[in-house]
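Peer 1: Test case, fold it:
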Amino acid sequence: MEDGDTSSDPAYKDPSYRRALWIVVALNLGYGVVEMFGGFLSGSQALKADALDFLGDGAITFLGLLAIGWSLTWRARSAMIQGVFLGLLGLGVVGSTLWRVLNQTTPEAGLMGAFAVGALIVNILAVLPLLKHRKGDANMRAVWLFSRNDAIGNLAVVIAAGLVAWLGSAWPDLIVAFAIAGLFLHSSWMIIRDARSDLVEAD
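Peer 2: Sure, this is the predicted structure:
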């Protein structure tokens, strides 16, 4: 990993960034498992999509943690992997949600809401340590976008749970699942774009 100048890594000598990433990894992987269980228990596709976001966020943030101190080229390649992974995750959510459209069951709104509120609290705790690190290179921006996506997705799932309870319909849950998938795909494009820009700069 020694090709290029690691000193250009804005997080290279910042211990607070490493601590922030470890917090994000622990919270996201831990609650991702909990929320996936909640998604199956409540029958909520939006919860499952959000749980995948948590798990993907935790795994990719761990990759970002490993990339600290690498050259700009390798950090950009790491971000590129993150972007591609997020895009595949988004396509997977689209596919599974389309299947649920054809096989609709109304989620248990109370359980869905409870797990969604828990997810929102966990994500706020994960996002706060990253706020001052969101303007760095492609790798740092990728980690920030993953965490930001979680917060937006969590809030949307809370709203969807309320609408499911009010309307007695599965459609709010399915619409939010599609919206989360769209957020995945948009952020994937942004991460890949930034990574390509950093690769050009490194060359």
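Peer 1: use CA for all of it now, contacts and neighbours both
Peer 2: OK.
Peer 1: list the helices and strands the host helix or strand of E201 packs on?
Peer 2: Assigned by DSSP states H and E, E201 belongs to helix 171-202. Applying 3 or more C-alpha pairs under 8 Å, 6 or more residues apart in numbering; DSSP states H and E, one finds that helix 171-202 contacts helix 45-67, helix 72-102, helix 138-167.
Peer 1: pLDDT below threshold where in the chain?
Peer 2: Scanning the chain for pLDDT under 70 picks out 1-14, 133-143, 203.
Peer 1: now the helices and strands packed on helix 171-202 in CSV, with mean neighbour count and distance to R196?
Peer 2: As requested, the helices and strands packed on helix 171-202 are arranged in CSV below (neighbours: other C-alpha atoms under 10 Å; distance: least, C-alpha to C-alpha, whole Å):
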stretch, mean neighbour count, distance to R196
helix 45-67, 25, 16
helix 72-102, 21, 7
helix 138-167, 23, 9
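Peer 1: which stretch among these comes nearest I180?
Peer 2: Among these, the nearest to I180 by C-alpha to C-alpha is helix 138-167 (5.9 Å).
Peer 1: and that closest one, what other elements does it pack with?
Peer 2: Using 3+ C-alpha pairs under 8 Å, 6+ apart as the contact test, the elements touching helix 138-167 are helix 45-67, helix 72-102, helix 109-127, helix 171-202.
Peer 1: For the ones you listed, give me a markdown table that also has distance to R19.
Peer 2: Output for the helices and strands packed on helix 138-167, formatted as a markdown table (distance: least, C-alpha to C-alpha, whole Å):
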| stretch | distance to R19 |
| --- | --- |
| helix 45-67 | 9 |
| helix 72-102 | 18 |
| helix 109-127 | 11 |
| helix 171-202 | 23 |
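Peer 1: wait, which of those is closest to N154?
Peer 2: Closest approach to N154 among these is made by helix 109-127 (5.1 Å; C-alpha to C-alpha).
Peer 1: Give me the contacts around that closest one.
Peer 2: Contact with helix 109-127 is made by 20, 23-24, 27-28, 31, 35, 38-39, 41-42, 44, 47, 144, 147-148, 150-151, 154-155, 157-158, 161-162, 164-165, as judged by C-alpha atoms under 8 Å, 6 or more residues apart in numbering.
Peer 1: how about a cut-off of 6 Å?
Peer 2: Contacts to helix 109-127, defined as C-alpha atoms under 6 Å, 6 or more residues apart in numbering, come from residues V24, S42, S147, A151, N154, V157, V158, A161, V164, A165.
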